[in-house]
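J.: With the input below, show me the fold.
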Amino acid sequence: MQSLPDNVVRRSGVLSRRTVRASGPVRLPLLIIGLALLAAFAVTSVLAAVNPYFPFDVPLERAIQGWLSGTVPWFFSSVTALNGTTQTLAGIVLLLLVVVLNPRAIIFAVLASLTGPIYFFVNGVINRPRPSPQLVEVTEHLGGNSFPSGHATFAATYVTLLVLCVAGKYMKRRGVTVAALVGALVVLAFSIARIVTGGHWPSDVLGGLLLTAGWMSTLLSIRLIGDPVLSWFGDPEGAWNARHPSLPYGWESRRRIVRRALYTPAAQAFERFGFVVRGLIWGLMGAFAIAAVFKWSRAIDLYGAVTVLESNAFRVPLAFLATIGLAGYALWGWFRAIADPLQRGKGVDGIMARVGFLSSAVSYTLLALFAAQVGFAGPAAAGHSASQALLVATVVAAFEGVGLVFVISAFLIVVGLGQLLDAWRAPFRKDVLTPDAPRGRAWVTWIWLGRTGLLARGVLFLLSGGLILAAGLTGAAWSISFAHAFESLLDFPAGAVLLTLLGLGMVALGLHSLGGARWIRMRPPVLAKRP
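T.: Below you'll find the predicted structure:
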């Protein structure tokens, strides 16, 4: 009988490289390193509590600012902007990404993310002031305390999670090494950015890195937590053969496993709930467009509809439901674009349709993040974020010149024409659960609601593209918001009538989406009959 390596054992006919538990419930070297780093963090915290800065902080910060001040200011400002609610949302997204790509590491990933709450606790207790403009150059003026650096803690935590849980699962050792080097450069860049802008002392950054390194090393030392991450680290083929011995190793097999998971009733219920939330948002947008005709309120876009939906005493639970629903519809968009359950194919029409699905996935992913932000920060902060996004778009246009205006307008016009074509062809008729079954009045009504909604949305895209094109030709101000298109329509001859019709079309699209929650199929049709 062929002998096996010392670190390989056989369980139920499957080879596993997990070490025998005789070595104990912890990895002693990792535990010692983790506790030593946490002890160093504790000592640094105590010293930071009684010293506004360490002796090396001022000369080191001045030297770094002298070397790098004025270079890549856009990066430094971007790191500064990743603050507060935005940083929390980014952390949630990255944590979800890690869990989706490596479900077995969920315990470690969730516990590792506790560096955030630990940071908030220590930051509030230490109460160290931020660097003084009298000592170093300060180009940002954030509130709060200085020790430890939240940005350094955030970057180190989630870069480490991505390297350990994602790269370690899908890459071989050499690829993991490259990913770790890139991750180290990202953490270094974040750390230096906080020093260059004067937001933190170097000792603040050091504290954040000690906290993250110590906490993660301690977690990994506990075998119950660290084994799912480290057992097959850098050996994706071995891990696959151990967990799926009957399937060949490769991306096609992984795709089959993912598709099988997305065909489950739970995943489909999640996506169908997305149709419901999407219908409510489009219906709200149409209702407010009609109300704008009668001067009862201002017109809104999709982001405005989310804000209105959550602007009440039940903001938090509604924000949670809206985020879940929009994330479900975004998942449906990603699934349509990549796995093609609606069988659009790989021809020109199919590729164009799947690009449209991909665009929808990106749009609703951003909308889901916006809904979550409303739940965290409230409608006022969310409204500021939306207007800030439009301001960024305008600034980009100013830097890129009028050519960008023509590109955006052409894109919107092409999308609008595609929507009009879909309104004529109604391809969604083939995307239902049983396309050959006879239908009644509800079915016919759903078809015409879809045609009407797509027609109205196509006109809306054409109107937005035309307004941006006119602004590019005349040099006037422009906006990519649908609300701007609605309000501009009132200045047209018979604009009130046109806006009313567009609003009714948006309501029809919302009702069509509600029907889609019931009828749309989310897997390829069964072609073979059962014996």
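J.: how's the chain carved up into domains?
T.: 20-249, 265-519 (automatic domain parsing).
J.: what about those domains, which gets the closest to residue 257?
T.: Closest to residue 257 of the domains of the chain, according to Cβ to Cβ: domain 20-249, at 7.4 Å. The C-beta positions use only the backbone N, C-alpha and C, and glycine is treated the same way.
J.: Would you mind listing the residues in contact with the residue nearest to residue 61 when sequence neighbours are not counted?
T.: Nearest residue to residue 61, sequence neighbours excluded (Cβ to Cβ, 6 or more residues apart in numbering): residue 136, at 4.8 Å. Contact analysis of residue 136 by Cβ atoms under 8 Å, 6 or more residues apart in numbering lists 58, 61-62, 65, 198.
J.: I'd like to know which of those residues are buried.
T.: 58, 61, 65, 198 (16 or more other Cβ atoms under 10 Å).
J.: TSV for the residues you listed, including pLDDT?
T.: Output for those, formatted as TSV (pLDDT from 0 to 100):
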residue	pLDDT
58	87
61	85
65	82
198	83
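J.: Turn the residues you listed into CSV, including distance to residue 113 and secondary structure.
T.: Formatted as CSV, the buried ones among the contacts of residue 136 follow (distance: Cβ to Cβ, whole Å; DSSP: H, G, I helix; E, B strand; the rest coil):
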residue, distance to residue 113, secondary structure
58, 33, helix
61, 29, helix
65, 32, helix
198, 28, coil
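J.: from these, which is closest to residue 454?
T.: The closest of the buried ones among the contacts of residue 136, once distances to residue 454 are taken by Cβ to Cβ, is residue 198, at 52.4 Å.
J.: how close does the spatially most central residue of the chain get to residue 104?
T.: In the chain, the centroid-proximal residue (Cα atoms, centre = their mean) is residue 93; its distance is 4.8 Å. From residue 93 across to residue 104, the span is 20 Å (Cβ to Cβ, to the nearest Å).
J.: what does residue 408 give?
T.: 43 Å.
J.: how many other residues sit next to residue 250?
T.: A count of nearby residues for residue 250, using other Cβ atoms under 10 Å, gives 11.
J.: Please apply the same query to residue 154.
T.: Neighbour tally, residue 154, other Cβ under 10 Å: 25.
J.: residue contacts, the nearest residue to residue 133 once chain neighbours are set aside?
T.: Spatial nearest neighbour of residue 133, excluding adjacent residues (Cβ to Cβ, 6+ apart): residue 198 at 7.4 Å. Residue 198 makes contact with 61, 65, 130-131, 133, 136-140 under the criterion Cβ under 8 Å, 6+ apart.
J.: Output the residues you listed in CSV, with secondary structure and distance to residue 203 appended to each entry.
T.: Output for these, formatted as CSV (DSSP: H, G, I helix; E, B strand; the rest coil; distance: Cβ to Cβ, whole Å):
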residue, secondary structure, distance to residue 203
61, helix, 10
65, helix, 16
130, coil, 12
131, coil, 11
133, coil, 18
136, coil, 13
137, coil, 17
138, coil, 16
139, coil, 20
140, coil, 18
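J.: Can I have the buried ones of those as a PyMOL selection?
T.: Here is the PyMOL command that picks out the buried ones among the contacts of residue 198, judged by 16+ other Cβ under 10 Å:
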select buried, resi 61+65+130+131+136+138+140
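J.: Looking at pLDDT only, which of the contacts of residue 198 scores worst?
T.: pLDDT is lowest at residue 140 among the contacts of residue 198; the value there is 73.
J.: Just to check, that one is in contact with residue 199?
T.: Yes: contact criterion Cβ atoms under 8 Å: residue 140 and residue 199 qualify, at 5.2 Å.
J.: Check this structure for its longest helix and report it.
T.: helix 441-474 (DSSP state H).
J.: Would you reformat the buried ones among the contacts of residue 136 as JSON lines and include distance to residue 247?
T.: Putting the buried ones among the contacts of residue 136 into JSON lines (distance: Cβ to Cβ, whole Å) gives the following:
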{"residue": "58", "distance to residue 247": "59"}
{"residue": "61", "distance to residue 247": "54"}
{"residue": "65", "distance to residue 247": "55"}
{"residue": "198", "distance to residue 247": "54"}
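J.: Please, where are all the strands along the protein?
T.: Using DSSP state E, the strands found in the chain span residues 9-11, 14-16.
J.: ok, back up a step: find residues that contact each of residue 140 and residue 199.
T.: Common neighbours of residue 140 and residue 199 (Cβ under 8 Å, 6+ apart) are residue 80.
J.: Which secondary structure element of this protein has the lowest mean pLDDT?
T.: One helix or strand of the chain scores below all others by mean pLDDT, DSSP states H and E: strand 14-16, with a mean of 42.
J.: How about residue 160, nearest residue that isn't a chain neighbour?
T.: Nearest non-adjacent residue to residue 160 (Cβ to Cβ, 6+ apart): residue 216, at 5.7 Å.
J.: buried stuff in the longest helix of the chain?
T.: 446-447, 449-469, 471-472.
J.: returning to that earlier point: ok, the residue nearest to residue 133 to residue 146 distance?
T.: Taken as Cβ to Cβ, the span from residue 198 to residue 146 is 10 Å.
J.: do the same with residue 408
T.: 42 Å.
J.: can you give me the helices for the stretch 101-250 of the chain?
T.: All helices of the stretch 101-250 of the chain, identified by DSSP state H, counting those that start in this stretch, fall at 106-112, 115-126, 150-161, 168-170, 173-196, 202-221, 223-230, 236-243.
J.: other SSEs contacting the fourth one?
T.: Under the contact definition 3 or more Cβ pairs under 8 Å, 6 or more residues apart in numbering; DSSP states H and E, helix 168-170 sits against helix 236-243.
J.: CA-only coordinates of the helix it packs on in PDB, if you can.
T.: C-alpha atoms of helix 236-243 as PDB (Å, rounded to 0.1, in the frame of the first residue of the first chain):
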ATOM      1  CA  PRO A 236      -6.300  25.300  -4.700                       C
ATOM      2  CA  GLU A 237      -6.100  22.000  -6.600                       C
ATOM      3  CA  GLY A 238      -5.600  19.900  -3.500                       C
ATOM      4  CA  ALA A 239      -8.500  21.700  -1.700                       C
ATOM      5  CA  TRP A 240     -10.800  21.100  -4.700                       C
ATOM      6  CA  ASN A 241      -9.900  17.400  -4.900                       C
ATOM      7  CA  ALA A 242     -10.500  17.000  -1.200                       C
ATOM      8  CA  ARG A 243     -13.900  18.600  -1.200                       C
END
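J.: can you pull the contacts of residue 92?
T.: residue 372.
J.: coming back round to it: surely the residue nearest to residue 160 and residue 34 touch.
T.: Yes: here residue 216 reaches residue 34: they are 7.5 Å apart, a contact under Cβ under 8 Å.
J.: so what's the closest residue to residue 128 other than its chain neighbours up against?
T.: Sequence neighbours aside, residue 147 is the residue nearest to residue 128 in space, at 4.1 Å (criterion: Cβ to Cβ, 6+ apart). Contacts for residue 147 (Cβ under 8 Å, 6+ apart) come out as 45, 48, 122-123, 126, 128, 201, 203-204, 207.
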